[in-house]
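**Student:** Quick check, what structure comes out for this input:
(one chain, ligands or ions: 1)
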Amino acid sequence: MELREGDALKTLALGLPAQVDLLLLDGAKALYPDILRLIEDRLRPGALIVADDADDSPEYLARVRAPRNGYLSTPFAVDVELSVRVGRSEVRGRVKVNPLASRTPRPHENGGPPGSPRPPCRSPPRVWG
Ligand SMILES: C[S@@+](CC[C@H](N)C(=O)[O-])C[C@H]1O[C@@H](n2cnc3c(N)ncnc32)[C@H](O)[C@@H]1O
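**Tutor:** As a prediction, the model looks like this:
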């Protein structure tokens with residue numbers, strides 16, 4: 001773990017790791033949007049952001065809750081906002097592409113041949129004895 005002491009707006013402005021998996025926000029609530037802006041490009045798809053007392057930062061909540069900004073976000077526990085980075089949709093040509101949606105569809109998805117096998121939703125029941 002690396003500890004950076006001082007004003008987060010300065011200490012996080014340079015030399016960030018290439019990829020961030022978890023962002024925990026619990027400093028000055030008014031700075032949540034600025035801190036997020038500093039880190040955002042480094043958040044890998046699937047990265048978690050936990051923001052304490054996020055209700056005190058309406059601008060932050062608006063940002064992570066607007067789907068176009070590339071987060072899935074929900075209130076969690078008491079005054080905590082839990083968000084997952086899903087990646088901002090990029091406009092390529094005239095088609096909007098979500099990077100997470102670019103995987104190859106499975107046969108039963110999106111018009112696979114009729115009768116394509118569908119994977120079971122649950123594991124089969126276990127039989128004991
Ligand atoms: C609510 S306290 C939480 C402290 C710690 N996370 C905890 O749970 O004990 C908020 C802290 O953020 C610090 N803080 C406020 N603005 C900051 C900034 N720009 N950079 C770094 N820390 C800041 C304050 O000094 C304070 O210690």
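
**Student:** drop to CA atoms for contacts and neighbour counts, all remaining ones
**Tutor:** Fine.

**Student:** Next to the ligand in this structure, residues from the chain, please.
**Tutor:** 6-9, 26-28 (CA under 6 Å from any ligand atom).

**Student:** pLDDT, secondary structure and neighbour count for the residues you listed - can I get that in JSON lines?
**Tutor:** Listed next are the residues of the chain next to the ligand as JSON lines, based on pLDDT from 0 to 100; DSSP: H, G, I helix; E, B strand; the rest coil; neighbours: other CA atoms under 10 Å:
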{"residue": "Gly6", "pLDDT": "97", "secondary structure": "coil", "neighbour count": "9"}
{"residue": "Asp7", "pLDDT": "98", "secondary structure": "coil", "neighbour count": "10"}
{"residue": "Ala8", "pLDDT": "97", "secondary structure": "helix", "neighbour count": "15"}
{"residue": "Leu9", "pLDDT": "97", "secondary structure": "helix", "neighbour count": "12"}
{"residue": "Asp26", "pLDDT": "97", "secondary structure": "coil", "neighbour count": "14"}
{"residue": "Gly27", "pLDDT": "97", "secondary structure": "coil", "neighbour count": "14"}
{"residue": "Ala28", "pLDDT": "98", "secondary structure": "coil", "neighbour count": "12"}
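
**Student:** Which members of these are the farthest-apart pair?
**Tutor:** Using CA to CA, the pair of the residues of the chain next to the ligand lying farthest apart is Gly6 and Asp26, separated by 14.3 Å.

**Student:** Could you export the helix or strand where Leu22 lies as CSV, CA atoms only?
**Tutor:** Take DSSP states H and E as the rule and Leu22 turns out to sit in strand 20-25. What follows is strand 20-25, C-alpha atoms only, in CSV (Å, rounded to 0.1, in the frame of the first residue of the first chain):
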residue,chain,number,x,y,z
VAL,A,20,-7.4,1.4,-10.0
ASP,A,21,-9.7,-1.4,-8.7
LEU,A,22,-11.2,0.4,-5.7
LEU,A,23,-11.9,4.0,-4.8
LEU,A,24,-13.0,4.8,-1.3
LEU,A,25,-14.2,8.4,-0.9
